[in-house]
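K.L.:
Whatever this is, show me its structure:
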Amino acid sequence: MKLDPFLLLMIAAVIIATFLPATGHVAEIVDGLGLIGVSFLFFAHGAALSRQAVLSGLKQWQLHLFIFGTTFLVFPIAVQPITFLPANLVPEDLRLGFLYLAVLPSAVSSSIAYTAIAKGNVPAAVCNSAGSNVFGLLLTPLLMTFFLKSSAVGTADLAHTIKDVVLQLLVPFGLGQAIHPLVGRFIAERKDWLEKYDQSVIVVIIYGAFSQSVTAGLWRVMPASSLALAVVLCTVLLLIVFAFTIIFSRRLGFSRGDEIAAVFCGSKKSLASGLPLAQVLFAGSPGFGMIVLPIMLYNQIQILIGAVLARKYANCNVFEQPAQARSQ
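P.N.:
Numbering: from 1, shown residues only. Here you go, the predicted structure:
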């Protein structure tokens, strides 16, 4: 299997931060680059995203409601047992990271790509994943604030959080949308550039995050057993959501194409939105690296297992559909 260059860059950022963490003025520069990069990232995506593409799939409200419910309700419920695990296995910052993972929006590119590979309902996937990310900019901090206040992990200032999200993320996104008629085609013809920019920003954030956490003693407080357990928990969480979306898509009588869209949009969590948003929500936290670790692990696991599942769907009599769904 060919290794993903982006995965290698993320691993390299963690390794470099472990042995050569950014400190002092260098850390301030890295953090500044991350914040500027994030704001421009959302500006660029706002300019690239067609309003027509977002609105075109809204008619399938039952499918979208099911996917949104999976993304923002089923996921948070599914991670609750993790919060009761002993702190020597799951440190508090790692526990917070799983709660954060649970309330993130769906991943746009991989949701659409895997839906297409599996021969599913691509227009619905485009609409849902785009809508999930737009709504997620507000829903994620709101849900995260609720969890922070209802747990022993920490506290948050909702007004301050919303202000940061609006100024650093929503305003750039809105400005991008405003100039979409002027530059939308130009950006659409250069999607590869935008993807590489997204990945570059994420790598900078990862380096800054782990530099901060290594300086604060991340690897001293996180035993290898916790890292291994985090991988297992991410895998189990993904399999639970796969099973939920497949079973209930069929119970609800969705067509095969709609089921595929539900499975891949409902199970994905956005690293591209998750890390920039974490940069705002958890700015200055010494445990930042541990907080974002679950989304980094989950992202790679969902890519690997999702690719296998998409090919199974595409080939397919492996996932036998009920008669009601086949007839639609």
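
K.L.:
quick one: the most centrally placed residue in the chain from S110, how far?
P.N.:
Residue closest to the average C-alpha location in the chain (CA atoms, centre = their mean): S270, at 1.8 Å. For S270, the distance to S110 equals 9 Å [CB to CB, to the nearest Å]. Using the backbone N, CA and C atoms, a C-beta is placed for each residue, glycine as well.

K.L.:
now the protein, which segments are flagged as low pLDDT?
P.N.:
Under the criterion pLDDT under 70, the flagged ranges of the chain are 1-3, 49, 52-58, 108-109, 148-162, 164-165, 216-222, 317-328.

K.L.:
contacting residues around the helix or strand where L277 lies?
P.N.:
Assessed by DSSP states H and E, L277 sits inside helix 271-281. With contacts defined as CB atoms under 8 Å, 6 or more residues apart in numbering, helix 271-281 is touched by 34-35, 38, 41-42, 100-101, 104-105, 107-109, 133, 136-137, 140-141, 144, 156, 161, 164-165, 168-169, 198, 201-202, 205-206, 209, 288, 291-292, 295-296, 299.

K.L.:
immediately after it, which helix or strand?
P.N.:
Next in sequence after helix 271-281, counting helices and strands by DSSP H and E, comes helix 288-315.

K.L.:
next one: that next one to chain centre, how far?
P.N.:
Offset of helix 288-315 from its chain centre (CA atoms, centre = their mean, to the nearest Å): 10 Å.

K.L.:
Likewise for stretch 117-127?
P.N.:
18 Å.

K.L.:
The stretch 51-200 of the chain: helices as residue ranges?
P.N.:
51-56, 61-69, 75-79, 92-102, 108-117, 122-150, 158-165, 171-178, 180-188, 191-215 (DSSP state H, counting those that start in this stretch).

K.L.:
Using JSON lines, please lay out these together with mean neighbour count and distance to C316.
P.N.:
Shown next, in JSON lines, are the helices of the stretch 51-200 of the chain (neighbours: other CB atoms under 10 Å; distance: least, CB to CB, whole Å):
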{"stretch": "helix 51-56", "mean neighbour count": "12", "distance to C316": "27"}
{"stretch": "helix 61-69", "mean neighbour count": "18", "distance to C316": "21"}
{"stretch": "helix 75-79", "mean neighbour count": "18", "distance to C316": "27"}
{"stretch": "helix 92-102", "mean neighbour count": "25", "distance to C316": "30"}
{"stretch": "helix 108-117", "mean neighbour count": "22", "distance to C316": "12"}
{"stretch": "helix 122-150", "mean neighbour count": "21", "distance to C316": "17"}
{"stretch": "helix 158-165", "mean neighbour count": "15", "distance to C316": "41"}
{"stretch": "helix 171-178", "mean neighbour count": "17", "distance to C316": "38"}
{"stretch": "helix 180-188", "mean neighbour count": "13", "distance to C316": "32"}
{"stretch": "helix 191-215", "mean neighbour count": "20", "distance to C316": "29"}
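
K.L.:
Is it possible to get JSON lines of the ones you listed that adds distance to L8?
P.N.:
Conversion of those to JSON lines gives the following (distance: least, CB to CB, whole Å):
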{"stretch": "helix 51-56", "distance to L8": "32"}
{"stretch": "helix 61-69", "distance to L8": "31"}
{"stretch": "helix 75-79", "distance to L8": "28"}
{"stretch": "helix 92-102", "distance to L8": "22"}
{"stretch": "helix 108-117", "distance to L8": "17"}
{"stretch": "helix 122-150", "distance to L8": "25"}
{"stretch": "helix 158-165", "distance to L8": "31"}
{"stretch": "helix 171-178", "distance to L8": "29"}
{"stretch": "helix 180-188", "distance to L8": "26"}
{"stretch": "helix 191-215", "distance to L8": "10"}
